[in-house]
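Trainee: sharing a model that was predicted from the sequence below.
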Amino acid sequence: MPTPVLTLIGKPGCHLCDDARVVVSAVLQQLATESPATPVDFEEKSILEDAALHERFVEEIPVVLINGAVHNYWRIDLVRLKAALQEAQ
């Protein structure tokens with residue numbers, strides 16, 4: 001099975017994006033500790049640097065994608081995100 005890709009889309013100065021980043025970091029750290037043999041690739045993108053992302057997500061940031069599909073936006077739940085990533089692994 002390919003390595004899951006977790007993408008966080010946001011922008012600088014967004015407090016919800018900062019909150020989401022903390023949740024994403026915690027989940028990635030937990031998964032790395034619990035399942036080091038099943039990694040998750042992580043990327044962060046800014047809507048300020050990509051016109052297509054800006055047009056699509058400007059009202060919904062932060063947005064978390066798993067393998068390119070929207071997992072959630074605005075407030076990111078640690079337990080739900082971790083379960084989704086474990087399922088994707």
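Mentor: The structure has been received and is ready for your questions.
Trainee: all contacts plus neighbour counts: C-alpha atoms, from now on.
Mentor: OK.
Trainee: what residue ranges in the protein score low on pLDDT?
Mentor: Regions of the chain meeting the criterion pLDDT under 70 cover residues 1.
Trainee: am I right that residue 64 is in a strand?
Mentor: Yes. Under DSSP: H, G, I helix; E, B strand; the rest coil, residue 64 sits within a strand.
Trainee: in three-state terms, how would the nearest residue to it once chain neighbours are set aside be classified?
Mentor: Once flanking residues are discounted, residue 64 sits nearest to residue 8: 4.7 Å by Cα to Cα, 6 or more residues apart in numbering. With three-state DSSP as the basis, residue 8 sits in strand.
Trainee: and for residue 8, the neighbour number?
Mentor: Burial of residue 8 is recorded as 22 neighbouring residues (other Cα atoms under 10 Å).
Trainee: kindly report the same for the one 5 residues further on.
Mentor: The local packing of residue 13 (other Cα under 10 Å) involves 8 other residues.
Trainee: tell me the spacing between it and residue 7.
Mentor: 18 Å (Cα to Cα, to the nearest Å).
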